[in-house]
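1. what's the 3D shape of this:
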Amino acid sequence: MKGFYYGYEATRDPKWVRMLVEWTDAWIARAVMEPDGYPGWPKVGAAGTPVDRLDDLYADSLLGEAMALLPVMRMSREILLDSELKATFGGRAEAYIELSRKLFDKWDRRGAWRQADNVGIISVVLPFGIDQSTGGWTSGYLSRNAPGHGHSHPDNKANWVGSWLLSMYGATGENAYKEKAEGWFRLMKSRIHLEEDGTYRIWNYWEPAGPWDYVSPGVLKHWIGVHPNGGYYDSDVRAIVTAYEALLVFDRVDIDRLVATAVKTKRYWSALVPYSRVVQREFEEHEDPDSWPGLWETPWYLAVQAGRLPAR
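-> Below is the predicted model of the structure:
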């Protein structure tokens with residue numbers, strides 16, 4: 001769906017809008033009604049972590065919903081701003097925004113965001129699911145907010161969630177989404193530390209945010225360190241750039257320091273293409289349109305080149 005969204009931004013051809021609508025409708029049709037009256041797409045393993053045996057639960061994924069809704073909200077905004085698109089797809093765009101509102105409410109009521117120890121907020125994996133034998137919640141539902149219950153998202157997942165919240169703000173103008181996104185990005189910024197040479201130390205993949213991230217005092221549920229999968233950091237930087245372009249938390253000094261870090265460490269995060277000739281050259285030399293990320297990165301780059309996406 002990201003490819004469809006950026007395909008439209010690159011070409012302004014409504015066929016990409018139509019394809020996104022078809023795929024979104026097919027996804028929505030698979031939803032089931034859950035015990036608290038909200039739609040969801042539960043599966044075993046949706047937590048994406050073995051911590052506390054969370055992957056054993058038959059449950060929803062906040063991350064999955066956020067990743068799907070992000071391009072849908074961006075496209076919905078485009079539809080409602082264009083009179084011709086609105087005439088054809090306006091009803092679908094309004095329905096998608098209403099669904100996204102409902103899913104935000106679902107996660108907010110379930111307690112999926114928590115106040116961090118030091119600054120800001122973070123999204124968490126909740127310690128309950130659906131009991132497939134009864135159709136009700138598992139026993140963890142009633143104790144979901146008890147000390148030690150739940151698990152903070154790693155940065156890359158929390159960044160996807162924060163980006164969805166910003167897309168909700170863009171589509172609706174409602175400050176509740178912006179404020180919650182700001183809470184996360186303040187925590188994200190606090191985790192990035194400046195080196196003496198003006199670059200950033202590569203930040204930890206995961207850090208504890210509160211007492212729920214400890215098995216017992218001083219005993220963490222998860223390791224702390226730099227993840228070997230560089231793609232996770234590409235997601236982080238893309239979210240940071242998204243926040244910067246929304247005038248939220250990060251400023252141009254942060255972007256310039258990320259560029260310096262990318263060049264020094266040879267990570268060349270693609271979201272920095274609009275802000276660095278070096279990163280742009282690396283992107284052009286190595287981008288493969290036929291690859292899985294190329295399905296959306298290539299039209300994204302073409303849209304940037306056409307001046308149709310923000311780049312300050």
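2. those helices in the chain, which residues are they?
-> 2-11, 14-28, 62-81, 83-110, 155-172, 175-190, 230-245, 252-265, 277-286, 294-305 (DSSP state H).
3. out of these, deepest packed?
-> Mean neighbours per residue, mean count of other Cβ atoms under 10 Å, is largest over the helices of the chain for helix 155-172, with a mean of 25. All C-beta atoms are positioned from the backbone trio N, CA, C, and that covers glycine.
4. And the helices of the chain: which comes nearest residue 55?
-> helix 62-81 (13.0 Å; Cβ to Cβ).
5. still on that earlier bit, just put the helices of the chain in a markdown table and tack on mean pLDDT.
-> Formatted as a markdown table, these follow (pLDDT from 0 to 100):
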| stretch | mean pLDDT |
| --- | --- |
| helix 2-11 | 97 |
| helix 14-28 | 98 |
| helix 62-81 | 98 |
| helix 83-110 | 98 |
| helix 155-172 | 98 |
| helix 175-190 | 98 |
| helix 230-245 | 97 |
| helix 252-265 | 98 |
| helix 277-286 | 97 |
| helix 294-305 | 96 |
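6. Any chance of a markdown table for these, columns distance to residue 206?
-> Shown next, in a markdown table, are the helices of the chain (distance: least, Cβ to Cβ, whole Å):
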| stretch | distance to residue 206 |
| --- | --- |
| helix 2-11 | 24 |
| helix 14-28 | 28 |
| helix 62-81 | 14 |
| helix 83-110 | 20 |
| helix 155-172 | 7 |
| helix 175-190 | 12 |
| helix 230-245 | 10 |
| helix 252-265 | 19 |
| helix 277-286 | 26 |
| helix 294-305 | 25 |
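7. quick one: contacts for the residue nearest to the spatial centre of the chain?
-> When Cα atoms, centre = their mean is applied to the chain, the residue found nearest the centroid is residue 160 (1.0 Å). By Cβ atoms under 8 Å, 6 or more residues apart in numbering, the residues touching residue 160 are 63, 66-67, 70, 235, 239.
8. Residue 119 is nearest to which of the helices of the chain?
-> It is, among the helices of the chain and with distance given as Cβ to Cβ, helix 175-190, at 5.2 Å.
9. How far away from the center of its chain is the closest one?
-> In this view, helix 175-190 has its centroid 12 Å away from the chain centroid, taken as Cα atoms, centre = their mean, to the nearest Å.
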